[in-house]
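Visitor: quick one: sequence plus predicted model below, questions after.
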Amino acid sequence: MKAAARALALTVLAAALSLAPLVADAAAPAPEVVTPALVSAAQAEGKVVFYTAIDIVVATEIAQSFEAAYPGIAVQVERNGGERIAQRLAQEREANIFAVDALDSSDTAQFITWKHLGWLTPFVPAEVAAKWPADQRDAEGYFANERFTLMPIAYNTRLVKPADAPRSFADLPDPKWTGKIVKAHPGYSGGIVTSTFQTSRALGWGYSRRSGSSMSCRCNRRPSRPRSWPWASARSRPTASNMC
């Protein structure tokens with residue numbers, strides 16, 4: 001694969017993205033800095049492929065900033081939900097296709113799995129070594145957390161009065177919300193996988209069963225807005241720019 005372009009992209013992306021959670025075991029490789037030789041080698045390769053679950057507008061801005069900083073290196077952004085990224089990577093590996101240089105996903109568990117499968121190469125940008133807390137990066141240098149997503153409840157103020165709105169996730173199984181909840185599907189979104197796990201851990205699996213029976217629709221991705229669904233009076237939706 002394009003080693004120099006990949007190394008440069010990982011170094012710069014670490015600096016460009018915000019912070020977000022994790023841990024591991026042994027010694028990581030020495031931190032890498034951006035050098036003229038690295039930039040020159042990456043320009044010779046010409047392109048870096050970035051699979052990401054970041055909102056496409058944000059991902060495109062990151063790519064454009066990279067291209068402006070390093071002329072001659074194109075960034076190919078492949079945006080999808082975190083779980084779809086995992087499916088695609090598994091299919092490519094099975095077919096001996098090695099297309100991606102840098103990976104981003106909203107499901108941290110995927111990186112643990114990919115590391116144990118031998119699908120990741122250890123690499124530590126100097127920015128990560130200097131500024132990332134130890135519990136926010138893999139101790140062996142295979143991955144680092146660079147963002148987090150808030151997963152609150154949002155509701156349609158034209159249909160629900162503030163006094164009647166759900167105050168917590170524990171309120172969602174209430175029969176009055178039956179047929180009025182929209183939730184992204186965990187089969188698409190890594191963020192929804194994580195939030196479903198967290199709420200189930202906090203409130204019990206019975207909560208997931210009860211709230212699931214109240215839902216009228218499970219969308220593919222969280223940023224979608226149910227503009228034409230008058231029954232969508234309450235739904236889970238992120239406030240951050242992310243990210244399925």
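Guide: Received the coordinates, thanks.
Visitor: mind checking pLDDT for Gln87?
Guide: With respect to pLDDT, Gln87 scores 91.
Visitor: what helix or strand does it sit in?
Guide: helix 82-94 (DSSP states H and E).
Visitor: then Pro71?
Guide: Pro71 belongs to no helix or strand, assigned by DSSP H and E.
Visitor: residues touching it, list them.
Guide: Contact analysis of Pro71 by Cβ atoms under 8 Å, 6 or more residues apart in numbering lists Gln43. From N, CA and C alone the C-beta is placed, and that goes for glycine too.
Visitor: and the gap between it and Thr35?
Guide: 17 Å (Cβ to Cβ, to the nearest Å).
Visitor: how about stretch 135-155: buried residues?
Guide: Neighbour counts over stretch 135-155 (16 or more other Cβ atoms under 10 Å) mark 136-138, 140-149, 151, 153, 155 as buried.
Visitor: which of these sits closest to Ser65?
Guide: Using Cβ to Cβ, Glu146 comes nearest to Ser65 of those, at 14.7 Å.
Visitor: please list the residues outside the helix holding Gln87 that contact it.
Guide: The list of residues contacting helix 82-94 from outside it, by Cβ under 8 Å, 6+ apart, reads 51-53, 80, 98-100, 103, 105-107, 110, 114, 117, 119, 186-191, 193, 243-244.
Visitor: what is the least confident helix or strand in this structure?
Guide: Using mean pLDDT, DSSP states H and E, strand 234-236 stands out as the lowest-scoring helix or strand of the chain, at a mean of 32.
Visitor: quick check: Ala27 touching Glu140?
Guide: Yes. Using Cβ atoms under 8 Å, Ala27 is in contact with Glu140, at 6.9 Å.
Visitor: hmm, what's the outermost residue in this structure?
Guide: Ala163 (33.3 Å; Cα atoms, centre = their mean).
Visitor: and the pLDDT for it?
Guide: Note on Ala163: pLDDT of 93.
Visitor: any idea how far the most centrally placed residue in the chain lies from Thr52?
Guide: By Cα atoms, centre = their mean, the chain has its centre lying nearest to Ser106, at 2.4 Å. Per Cβ to Cβ, Ser106 is found 9 Å from Thr52.
Visitor: where along this structure do the helices fall?
Guide: Ranges of helices in the chain, per DSSP state H, are 3-16, 36-45, 56-69, 82-94, 108-117, 126-131, 190-203, 205-214.
Visitor: closest one to Leu172 among those?
Guide: Leu172 lies closest to helix 205-214 among the helices of the chain, at 4.7 Å (Cβ to Cβ).
Visitor: and the angle from that closest one to helix 190-203?
Guide: Comparing the axes of helix 205-214 and helix 190-203 via axes from the mean of the first three to the mean of the last three Cα atoms, to 10 degrees yields an angle of 130 degrees.
Visitor: remind me what helix 205-214 packs against, helices and strands.
Guide: Packing partners of helix 205-214 (3 or more Cβ pairs under 8 Å, 6 or more residues apart in numbering; DSSP states H and E): helix 190-203.
Visitor: got the angle for the helix it packs on vs helix 82-94?
Guide: On the basis of the same axes, to 10 degrees, helix 190-203 is oriented at 120 degrees to helix 82-94.
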